[in-house]
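Visitor: here is a sequence together with a model predicted from it:
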Amino acid sequence: MANQFKHRWRSDLLIVIGLLFLLFLVFVAFLNWLLAVAGLVLLALSVLWFLINERQFDKELIQYAAGMSYRLKKVGNEALLHMPIGILLYDESERVQWCNPYLNQITEEDGNTAIGRSLNEIAESLSKLIASDNKESMIIALNDRQYRVRLKRQEKLLYFTDITDTLEIKKRYYNEKTVLALIFLDNYDEVTQGLEDQVRSTINNETTTIIKNWASEHGIYLRRTDSDRFLAIMNERLLHSVEEQHFSILDKVREITVPLSHIPLTLSIGVGAGTASLEDLGSYAQSALDLGLGRGGDQAVIKRPDGDVRFYGGKSNPVEKRTRVRARVISHALSELMLESDQVMIMGHRAPDLDSIGSCIGILKIAHANGRSAKIIMDQTNNVSGVSKLLEELKKQKNLWSNFISAEQAADQVTKRTLMVIVDTHRPSMVVNASLLASVHRIVVIDHHRRAEEFIRDPVLVYMEPYASSTSELVTELLEYQPNERPLDLIEATAMLGGIAVDTKNFTLRTGFRTFDAASYLRAHGADTILVQKFLCDDLDQFNQRAELIRRTKLYKANIAIAVGKDEQIYDQVLLAQTADTMLMLEGIRTSFVIGKRTDGQIGVSARSLGDLNVQVIMESIGGGGHLNNAATQMADTSIEEATARVTHVIDLYLEGGLS
């Protein structure tokens, strides 16, 4: 084809040259007619040669076109009939009108041709592809092979391409991608402290043997990097195998009995996966391990670059391992940050409880002890009864109440040197005003909840202790280690004691010796226990609502109680929580769930357990969180009936081992 264009270009050039030469001869004829005649003869011979050559070219061009047409027709027939791509034409009734031999071979049944059969007989999904408005291709299975089907609607034409080998290669590539895991013995030093060297060595050897056997069973490369740390290298296929067993190594290590202390050893695993970069894998693994430890340990966390985070384990109560030294270090670091700031803003979560306000007041006293002005950002639109009573008392203390401001006022006062302290939550979506977080450059997080996937971005200091009873307990310890400690007023100490009391259900749940130390410190500074009970007491209407919810309770799976509120009734979230607590006091009930419509239109679920079921895992599976024996969630755009069905479904999944 290139030669043809080249020939045509040369022909046009020769014609132009010939015309120019003829004009030249006319000019020469005026000077010398003999020379003009000779030139004319030469021009005639040239034209004759050109015509003969052009005729020969046209003949060859016709022969070339005929030969190419024959070859194209032959190749087209060959491709249509023998190429390994299925071609199918169908009619208006979605019956096969024609198909090439390749497609007929993969779709025939008992030697019968595909022509005349319905598309549904070949594959039900073909009709769905044709019926869809915006779908032009799909993958179907035929005779244990995978085919990508492409649709040409106007022609009523389907192409079938075998992609089995391609999918297999993709699967192998994915399965063989590298995965890094960091394994950490959460409380090895704590549980073996004070034991004889021989006993300590025995525990060490037993733990190492269990972990190595687990790694060997799954084909995982394992290397010990420290007395309580391991590095594991595997691939996606091995990780899937480990996930199917819900990281059984967590249970095996927990079963190790430590002499004298009888405290179970627990393991935390951080897994980085989903990327080819070894540097990123290491970063994801460390981040996942930090997340697991922040949630109390005894769990495995898998983190991927797409933001997908999966949790396994977390079945045991976190073992208290914080020390006075850590509290003193955090207290000193908090003081340094405050001294480097021009002011301190303190913010808890929306719909605050006594623990949120009590811990805010404690941070306020720390700021004042360091000579810094501080303001508490308060959500006064969603107060529960106990908080309302506390606020009434706070308003009587004008000096103290002047430190409470709204989010709008805080937005006007924030500067680049402001320090923001977040208490009793670590989720941006739960703070009083999330937009304020973007207005400050330094944020401190102090919380006692298990760390969730959602977390405040880039805090300069994090003090999260999930084994503490309350944030008020943590803040009380920080207050004790302030060098310029200021005495607490009665109402301030009472508010902080109320925060501890409300989260421990009057010192009956999640209490440790540090809890009572903090309570003793507050009591010594004038905390009024009678006033605390006044904050916690119910009015008659609340009592009747709680009694009505308990009356609607039904037993599920023998020792699980589920109370479901009325469709038209609005319930306070605290009331749901109090009802769940009360139900645990009934004989034979080990776990309780209370479901009701909240004031914001969402369906609230409060879950409590005496330890038989991990309600944190159950609530996390439907968007909530909390502790092993104290958790909750909220569901938007759903009904009471649908929410109840979801709760019972995840309970069944948990009992069947489908949740970890």
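Guide: Perfect, thanks for sending it.
Visitor: average pLDDT across the helix or strand hosting residue 642?
Guide: Here residue 642, judged by DSSP states H and E, is contained in helix 640-655. Mean pLDDT, computed over helix 640-655, is 91.
Visitor: got it, and stretch 216-230?
Guide: Rounded mean pLDDT across stretch 216-230 is 92.
Visitor: neighbouring contacts of that stretch?
Guide: Stretch 216-230 is contacted from outside by 181-185, 188-189, 204, 208, 211-212, 214-215, 231-234, 238, 241-242, using Cβ atoms under 8 Å, 6 or more residues apart in numbering. All C-beta spots, glycine's among them, are computed from the backbone N, C-alpha and C.
Visitor: how far does that stretch sit from its chain's centre?
Guide: Its chain's C-alpha centre and that of stretch 216-230 lie 27 Å apart, by Cα atoms, centre = their mean, to the nearest Å.
Visitor: end to end on it, go ahead and measure it.
Guide: One end of stretch 216-230 to the other measures 14 Å (Cα to Cα, to the nearest Å).
Visitor: what do you get for stretch 88-108?
Guide: 13 Å.
Visitor: by mean pLDDT, flag the weakest helix or strand of this protein.
Guide: Least confident helix or strand of the chain, by mean pLDDT, DSSP states H and E, is helix 2-29 with a mean of 62.
Visitor: could you chop the chain up by domain?
Guide: Here the domain parsing of the chain from automatic domain parsing is 2-82, 86-167, 189-313, 328-536, 540-655.
Visitor: next, format those as a markdown table and append mean neighbour count and distance to residue 177.
Guide: Shown next, in a markdown table, are these (neighbours: other Cβ atoms under 10 Å; distance: least, Cβ to Cβ, whole Å):
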| stretch | mean neighbour count | distance to residue 177 |
| --- | --- | --- |
| domain 2-82 | 12 | 37 |
| domain 86-167 | 14 | 16 |
| domain 189-313 | 17 | 5 |
| domain 328-536 | 20 | 22 |
| domain 540-655 | 18 | 27 |
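Visitor: distance to residue 174 added to those domains, as JSON lines?
Guide: What follows is the domains of the chain, written out as JSON lines (distance: least, Cβ to Cβ, whole Å):
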{"stretch": "domain 2-82", "distance to residue 174": "33"}
{"stretch": "domain 86-167", "distance to residue 174": "10"}
{"stretch": "domain 189-313", "distance to residue 174": "6"}
{"stretch": "domain 328-536", "distance to residue 174": "23"}
{"stretch": "domain 540-655", "distance to residue 174": "25"}
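Visitor: these: lowest mean pLDDT?
Guide: domain 2-82 (a mean of 67).
Visitor: so what's the nearest residue to residue 419 once chain neighbours are set aside up against?
Guide: Residue nearest to residue 419 in three dimensions, not counting chain neighbours: residue 341, with 3.9 Å by Cβ to Cβ, 6 or more residues apart in numbering. By Cβ under 8 Å, 6+ apart, residue 341 lies in contact with 372, 417-419, 442.
Visitor: equivalent analysis for residue 285, please.
Guide: 180-182, 270-272, 303.
Visitor: go on, residue 579?
Guide: Applying Cβ under 8 Å, 6+ apart, the residues contacting residue 579 are 546, 549-550, 563, 592, 594, 606.
Visitor: what about those, which are in strands?
Guide: 563, 592, 594, 606 (DSSP state E).
Visitor: out of those residues, flag the one nearest to residue 626.
Guide: residue 606 (9.2 Å; Cβ to Cβ).
Visitor: who does the closest one form a beta bridge with?
Guide: Residue 606 has these beta-bridge partners by DSSP bridges: residue 594, residue 632.
Visitor: I'd guessed it sits against residue 634; true?
Guide: No. Look at residue 606 against residue 634 with Cβ atoms under 8 Å: they stay out of range, at 10.2 Å.
Visitor: pretty sure residue 210 sits against residue 254.
Guide: No. The pair residue 210 and residue 254 does not pass the contact test of Cβ under 8 Å, sitting 10.4 Å apart.
Visitor: and residue 371, how close does it get to residue 479?
Guide: Here residue 371 is placed at a distance of 15 Å from residue 479 (Cβ to Cβ, to the nearest Å).
Visitor: next one: phi and psi at residue 96?
Guide: Note on residue 96: its backbone torsions stand at phi -70, psi 120 [degrees, to the nearest 10].
Visitor: roughly how far apart are it and residue 158?
Guide: Per Cβ to Cβ, residue 96 is found 9 Å from residue 158.
Visitor: tell me, what's touching the two both at once?
Guide: Joint contacts of residue 96 and residue 158 (Cβ under 8 Å, 6+ apart) are 88-90.
Visitor: tell me which of the residues you listed fall in strands.
Guide: Among these, the residues falling in strands (DSSP E) are 88-90.
Visitor: could I get the residues you listed in TSV, plus columns for distance to residue 141?
Guide: Shown next, in TSV, are those (distance: Cβ to Cβ, whole Å):
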residue	distance to residue 141
88	16
89	22
90	19
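Visitor: quick one: which of these is nearest residue 108?
Guide: Ranked by distance to residue 108 (Cβ to Cβ), these are led by residue 88 at 12.8 Å.
Visitor: that closest one contacts residue 152, doesn't it?
Guide: No. Judged on Cβ under 8 Å, residue 88 makes no contact with residue 152 at a distance of 10.5 Å.
Visitor: what do the two both touch?
Guide: Counting by Cβ under 8 Å, 6+ apart, the shared contacts of residue 88 and residue 152 are 158-159.
Visitor: where along the stretch 51-200 of the chain do the helices fall?
Guide: Here the stretch 51-200 of the chain has its helices, by DSSP state H, counting those that start in this stretch, at 101-107, 119-122, 124-131, 164-175, 188-192, 197-218.
Visitor: may I see those helices organised as TSV, with distance to residue 507 added?
Guide: Formatted as TSV, those follow (distance: least, Cβ to Cβ, whole Å):
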stretch	distance to residue 507
helix 101-107	72
helix 119-122	67
helix 124-131	61
helix 164-175	52
helix 188-192	24
helix 197-218	33
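Visitor: I'd like to know which of those helices is closest to residue 648.
Guide: Per Cβ to Cβ, nearest to residue 648 of these: helix 124-131, 32.1 Å.
Visitor: what is the distance between the closest one and the centre of its chain?
Guide: Put simply, helix 124-131 sits 33 Å off its chain's centre (Cα atoms, centre = their mean).
Visitor: same for it, what does it pack against?
Guide: Counting by 3 or more Cβ pairs under 8 Å, 6 or more residues apart in numbering; DSSP states H and E, the packing neighbours recorded for helix 124-131 are helix 119-122, strand 137-142, strand 145-152.
Visitor: nearest residue to the middle of this structure?
Guide: Central residue of the chain (Cα atoms, centre = their mean): residue 308, 3.7 Å from the mean position.
Visitor: give the contact list for that residue.
Guide: With contact taken as Cβ under 8 Å, 6+ apart, residue 308 is in contact with 274, 302.
Visitor: phi and psi next, for residue 380.
Guide: phi -100, psi 10.
Visitor: is it in contact with residue 406, as I believe?
Guide: Yes. With contact defined as Cβ under 8 Å, residue 380 counts as touching residue 406 (7.5 Å).
Visitor: ok so, going back, just the contacts of residue 579 now: which is nearest residue 171?
Guide: The shortest approach to residue 171 among those belongs to residue 606, at 43.4 Å (Cβ to Cβ).
Visitor: need the contact list for that closest one.
Guide: Residues near residue 606 by Cβ under 8 Å, 6+ apart: 573, 576-577, 579-580, 593-594, 632.
Visitor: returning to what we had before: show me which of the ones in strands among the contacts of residue 579 is closest to residue 53.
Guide: residue 606 (97.8 Å).
Visitor: what sits closest to residue 640 if chain neighbours are left out?
Guide: Closest residue to residue 640 apart from its sequence neighbours, by Cβ to Cβ, 6+ apart: residue 567 at 5.3 Å.
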